[in-house]
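Q: here is a sequence with its predicted model. Questions after.
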Amino acid sequence: MTASKAKVLILGHPQDAHVAHLRSALRHQGALVRCLETHQFPTQLRFSWHAKTQKGLIAWEPDDVWALEEIRRVFWRQISGVSIPPLADKQQQWIAYNDSMSLMRSLMQSHSPQWVNTWEAYQFHKEKPLQLSTVKQLGVQIPPTLVSNDPQQVIAFVKSLEQAIFKPVYGGAHAQWVTPEHLDPQRLQLALKVSPATFQAYIPGTNIRTYVIGESVFSAEIRSPSVDFRDDQTAELLPVTLPGAVQHQSLAITKALKLKWTAIDWRLTPTQDYFFLEANPSPMFIYFEQQTGYPITQTLVQLLLAD
Amino acid sequence: MSHPFELDIHELTALHLEGIESIPDNQAASVQGGSYPPSQTLTAVGPNESGESGNVTTLALGEEGGMHDLPTLDLPGSYPFPLPYPQPGDPTATTYALGEEGG
């Protein structure tokens, strides 16, 4: 690792706890670190792309410019889109939005080996139902799952299960139990006109979270009686070692989902079966690291500064 | 944050979702304005033998395969959008947090 003067870009807001934490750790290793807040483009940030040479530039100020090829890594914490000034002609505004997104997306994909994680991985994560199937094809167990907005399908599926939960198709809300009230035909009919949801068999057991960073794997049990441990502020984190086969599966999942680092959520049954729930492209880790003592930050910094 | 699947019957009824239904083609054809790009997009492709018909290829808009809508118009605070906001700053809450999708 040659950290000295290595340029690292962090995609995210400087006040985000994880951005600030990682920036500090990288600077401690001698790296030059900047945050890239995409919503500042195109009003404050300037992007350039030379299609013939595939050279890209990011300019914060006229004399403050980073060439894409000089950047060692870009760490993806959070993308915030682009911000277009309000225009009287809404069609012009739409064109400006698409043009800005198109240039930004091109830059983000032009040097993908630098990115942790990549645009491709972020996009793939948006298709969570497809991700789940991809993981299943690796031979990994997943809970019986239906993603639907068809009341008949939902009722039939939920009734086939002992206990069911629902959760977002993409993200942004916690998992909840499916109750008889949810299945009231009139309510269900209307609710599913608003949005589809993911319906899944509840897997009894405990939660396991596995961080994969490059080839490193760190796991802990998250003990919580809650249906979604993220909802439980009293959850206990206990370091565990995964069976070899599950360790290999974790690495295979990371690769199949085009990720370079991730946190995989599992349910572990009393019969020691591991069920994959999801793998996130921008997992939070500070609390997990504090509680388990795993060197998440150090391993992440090594990944970001590797030649 | 909660998923819209949690909305109760009163909240859902207030949305008047039952009134949303398809209309026949002849009624739809009489509706003026609305969708963009304009009608040449529907015909503006290739020679007749391609099966796509139309003769206004060079005027074609909307070949990007994306939406016709102007989503920024309907979103709160179209400028700046999306609103830039950091994740909650308390790292002790991180395993409980939402927002690991990177977006």
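A: The structure has been received and is ready for your questions.
Q: export stretch A:22-39 as CSV, just CAs?
A: Extracted C-alpha coordinates of stretch A:22-39, given in CSV (Å, rounded to 0.1, in the frame of the first residue of the first chain):
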residue,chain,number,x,y,z
LEU,A,22,-13.3,7.3,6.4
ARG,A,23,-11.9,10.6,5.3
SER,A,24,-10.2,11.0,8.6
ALA,A,25,-8.8,7.4,8.5
LEU,A,26,-7.5,7.9,4.9
ARG,A,27,-5.9,11.2,5.7
HIS,A,28,-4.2,9.6,8.6
GLN,A,29,-2.6,7.2,6.1
GLY,A,30,-1.3,10.2,4.1
ALA,A,31,-4.0,10.1,1.3
LEU,A,32,-5.4,13.2,-0.3
VAL,A,33,-9.1,13.0,0.2
ARG,A,34,-12.0,15.0,-1.2
CYS,A,35,-15.7,14.6,-1.0
LEU,A,36,-17.7,14.6,-4.2
GLU,A,37,-21.3,15.9,-3.7
THR,A,38,-23.0,15.2,-7.0
HIS,A,39,-25.9,17.6,-6.3
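Q: distance from the chain centre to that stretch, please.
A: Taking Cα atoms, centre = their mean, to the nearest Å, the mean C-alpha location of stretch A:22-39 is offset from the chain mean by 19 Å.
Q: same deal with stretch A:64-71?
A: That offset, for stretch A:64-71, works out to 25 Å (Cα atoms, centre = their mean).
Q: and it, what's its mean pLDDT?
A: For stretch A:64-71, the mean pLDDT works out to 95.
Q: low-confidence ranges, the stretch 1-150 of chain A, go.
A: A:1-4 (pLDDT under 70).
Q: helices of chain A, start to end?
A: For chain A, helices defined by DSSP state H occupy the ranges A:17-28, A:90-110, A:119-126, A:128-136, A:151-159, A:185-194, A:244-256, A:286-292, A:296-305.
Q: Throw those helices into TSV and include mean neighbour count, thanks.
A: For glycine as for every other residue, the C-beta is placed from the backbone atoms N, C-alpha and C. Below are the helices of chain A laid out as TSV (neighbours: other Cβ atoms under 10 Å in any protein chain shown):
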stretch	mean neighbour count
helix A:17-28	19
helix A:90-110	16
helix A:119-126	19
helix A:128-136	17
helix A:151-159	16
helix A:185-194	18
helix A:244-256	17
helix A:286-292	19
helix A:296-305	20
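Q: close enough to count as contact, A:Ser100 and A:Thr43?
A: No: using Cβ atoms under 8 Å, A:Ser100 is not in contact with A:Thr43; the gap is 9.6 Å.
Q: now the helices of chain A as JSON lines including distance to A:Arg267?
A: Output for these, formatted as JSON lines (distance: least, Cβ to Cβ, whole Å):
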{"stretch": "helix A:17-28", "distance to A:Arg267": "25"}
{"stretch": "helix A:90-110", "distance to A:Arg267": "34"}
{"stretch": "helix A:119-126", "distance to A:Arg267": "20"}
{"stretch": "helix A:128-136", "distance to A:Arg267": "13"}
{"stretch": "helix A:151-159", "distance to A:Arg267": "18"}
{"stretch": "helix A:185-194", "distance to A:Arg267": "26"}
{"stretch": "helix A:244-256", "distance to A:Arg267": "12"}
{"stretch": "helix A:286-292", "distance to A:Arg267": "17"}
{"stretch": "helix A:296-305", "distance to A:Arg267": "22"}
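Q: using PDB, write down the CA coordinates of whatever helix or strand B:His10 lives in.
A: Following DSSP states H and E, one finds B:His10 within helix B:9-13. Extracted in PDB, the C-alpha atoms of helix B:9-13 (Å, rounded to 0.1, in the frame of the first residue of the first chain):
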ATOM      1  CA  ILE B   9     -58.000   1.900   4.900                       C
ATOM      2  CA  HIS B  10     -59.000   5.500   5.700                       C
ATOM      3  CA  GLU B  11     -55.700   6.900   4.200                       C
ATOM      4  CA  LEU B  12     -56.100   4.700   1.200                       C
ATOM      5  CA  THR B  13     -59.700   5.600   0.600                       C
END
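Q: only the buried residues of that helix, if you could.
A: By neighbour count on 16 or more other Cβ atoms under 10 Å in any protein chain shown, the buried set for helix B:9-13 is B:Leu12.
Q: nice, that's everything, thank you.
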